[in-house]
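>>> 3D model of this:
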Amino acid sequence: MSKIEFRLEQNEDEFLKSWRVTDFANKISELHYKHELLNEVRKRIKEGENPQNFFVFDKSFSIHRSYKYLGTHKLSSKNGVKNLYHLGVPIPLYSNSKIDAVRYIFDSFSRMYTKFNKETGEGQDKLDKNNLYFFVKEAMTSDEKIEIHKYQKYLNTYVSTIIKPKSQKKMRELVFEELKKLQVDYMNRYEIQKKMIEVEEEIKSTKTDSLSKRYDELVSKVPGLFGRSFINNKRPIVGVYNGESNSVEILCKNFIKQNVKEERQFDLKGISHNSPYVIVFLATYVLAQLFYQMYVNKIDRLQVQNEIVLDDIELVDEGYGEREEPNIEAEDVRNKTLILEVNRDRLKEVAVALEISKQQIELASIPLSVENTLIDIANSNINKMATNFDQNGFSNGSLYLEKTNQENSK
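Take a look at the predicted model:
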């Protein structure tokens, strides 16, 4: 796979402690991974994968774990379900009763595991994660309601045989309330998602103010948990469900595994401590796309700022006010804009900006909520990258690019 060498020069002689330089590079790496992940989801949807099959876990992956087992996990096996459970609670990109069933079982089991641990003594049996397979299998058998007979029986049996007698009544009541909440929450979400799908289908053919208002009301009842979890987690884990094989594939898994080489991985090549700081690293065109959009946004903001400065200059010239050295400020804005435009044009050659708009066009037929979620994630990546540059003196610095084993793009 062809990679690009990025060379970033700091725009001002600002001293950076080593931990700040490391943090700056780490954030680029994290956002590059997020954009690769987003790109993979978009690519799969373009190729025909149903948006309903994608989900994100509510936890980041740990850089201190090896994740040797990561890959394709069968929901028809004990180890497959248990391995997924250790990754977190799955949150679907779009309404999917199968993924929701797994989600609610995992979430409930995790709460019960914690609460039961407080009521059991040292050396006593804990809730057995191997049994999750049976609970998930049963829960996935129905769409409109979640089946939990085996799960309920297991928890009640555990209370009767493991929990200390003086705590059994309290724990039985706890189990009753937990399972009642699980069923109500699942059913409520199912009904709202069902109505959302109906309204989205109507909007496709005829978009009216009343439909838009109804849609917004439904969206407010079902928070965008996929987008929120993807954005807030430093290193999100995304999976795709295959109904035919009843299995889950973890996307971009080689980014996560410790001892496996990933061709697309961000690769820091060097940091120069001369004045100004220079950072060199390798990455794919996906990071070039992310940088490209970041510079486009920065240039747009500077142009607006420049227009405000010029308006102020005109007011001063007409005698409406006083402004110290307005021409110097305008010149500073113009100089910053020129540097950013050079960076943008260098990126345009490599990133192929048309690819960004092409992705948007080809995904135009997906559900509105999915489209909005993917756009929100992309914008979050861009804004966080811009903040990273601003905070470390690279905001208006120079960027040089070179395609590895290809012609220099400078």
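>>> what count of nearby residues applies to Ile231?
Residue neighbour count, defined by other Cβ atoms under 10 Å, stands at 18 for Ile231. Placement of C-beta: from N, CA and C, glycine included.
>>> now it. Nearest residue, chain neighbours left out?
Ser380 (4.6 Å; Cβ to Cβ, 6 or more residues apart in numbering).
>>> what does the pLDDT read for the one you found?
Per-residue pLDDT puts Ser380 at 96.
>>> any idea how far Phe394 is from it?
Taken as Cβ to Cβ, to the nearest Å, the spacing of Ser380 relative to Phe394 amounts to 19 Å.
>>> the more surrounded of the two?
More neighbours sit around Phe394 than around the other of Ser380 and Phe394, counting by other Cβ under 10 Å; the figures are 23 against 18.
>>> quick check: which element contains the more buried one?
Phe394 is part of no helix or strand, with elements assigned from DSSP states H and E.
>>> check contacts around it.
The neighbours of Phe394, taking Cβ atoms under 8 Å, 6 or more residues apart in numbering as the test, are Leu8, Glu9, Gln10, Asn11, Phe24.
>>> tell me the backbone dihedrals of the residue nearest to Ile231, please.
Per-residue torsions, Ser380: phi -60, psi -40 (degrees, to the nearest 10).
>>> my read is that it contacts Asn232, right?
No - taking Cβ atoms under 8 Å as the definition, Ser380 is not a contact partner of Asn232, at 9.2 Å.
>>> what helix or strand does Lys269 sit in?
With DSSP H and E as the criterion, the answer for Lys269 is strand 267-272.
>>> show me which residues of the helix or strand just after that strand are buried.
For strand 267-272, the following helix or strand on the C-terminal side (DSSP H and E) is strand 278-283. If you call a residue buried by 16 or more other Cβ atoms under 10 Å, then strand 278-283 has these buried ones: Val278, Ile279, Val280, Phe281, Leu282, Ala283.
>>> ok, those residues vs Ile250, which is closest?
If you rank those by distance to Ile250 using Cβ to Cβ, Ala283 comes first, at 21.3 Å.
>>> give me the nearest residue to the closest one, chain neighbours excluded.
Counting by Cβ to Cβ, 6+ apart, Ala283 lies nearest to Phe266, which is 5.1 Å off, once chain neighbours are set aside.
>>> list the contacts for the one you found?
Phe266 makes contacts with Ile28, Ser29, His32, Tyr33, Phe281, Leu282, Ala283, Leu287, as judged by Cβ under 8 Å, 6+ apart.
>>> quick one: low-confidence parts of the protein?
Low-confidence segments of the chain, defined by pLDDT under 70, are located at 1, 12-14, 121, 123, 305-327, 329, 350-364, 405-410.
>>> give me the domain ranges for the protein.
4-38+265-403, 50-256 (automatic domain parsing).
>>> looking at these, which is nearest to Arg44?
For Arg44, the closest of the domains of the chain is domain 50-256, at 6.7 Å, according to Cβ to Cβ.
>>> distance between that closest one and the chain's centre?
Computed by Cα atoms, centre = their mean, to the nearest Å, the chain-centroid distance of domain 50-256 equals 18 Å.
>>> what's the span of that domain, first residue to last?
As for domain 50-256, its first-to-last residue distance stands at 24 Å under the measure Cα to Cα, to the nearest Å.
>>> ignoring the adjacent residues along the chain, who's closest to Leu155?
Here the residue nearest Leu155, using Cβ to Cβ, 6+ apart, is Val175, at 4.8 Å.
>>> any idea which helix or strand comes after the helix or strand harbouring the one you found?
Assigned by DSSP H and E, Val175 belongs to helix 165-205. For helix 165-205, the following helix or strand on the C-terminal side (DSSP H and E) is helix 209-221.
>>> so what touches the helix or strand following that following helix?
Under the assignment DSSP H and E, the closest C-terminal helix or strand after helix 209-221 is helix 225-232. Counting by Cβ under 8 Å, 6+ apart, the neighbours of helix 225-232 from elsewhere in the structure are 34, 37-38, 54-58, 91-93, 236, 238, 373, 376-377, 380.
>>> list every C-alpha atom in helix 225-232, with coordinates, as CSV.
Listed in CSV are the C-alpha atoms of helix 225-232, where the atom choice follows Å, rounded to 0.1, in the frame of the first residue of the first chain:
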residue,chain,number,x,y,z
LEU,A,225,-25.2,6.8,21.1
PHE,A,226,-23.2,5.4,18.2
GLY,A,227,-21.9,8.8,17.3
ARG,A,228,-21.4,9.9,20.9
SER,A,229,-19.4,6.7,21.8
PHE,A,230,-17.3,6.8,18.6
ILE,A,231,-16.5,10.5,19.2
ASN,A,232,-15.8,10.4,22.9
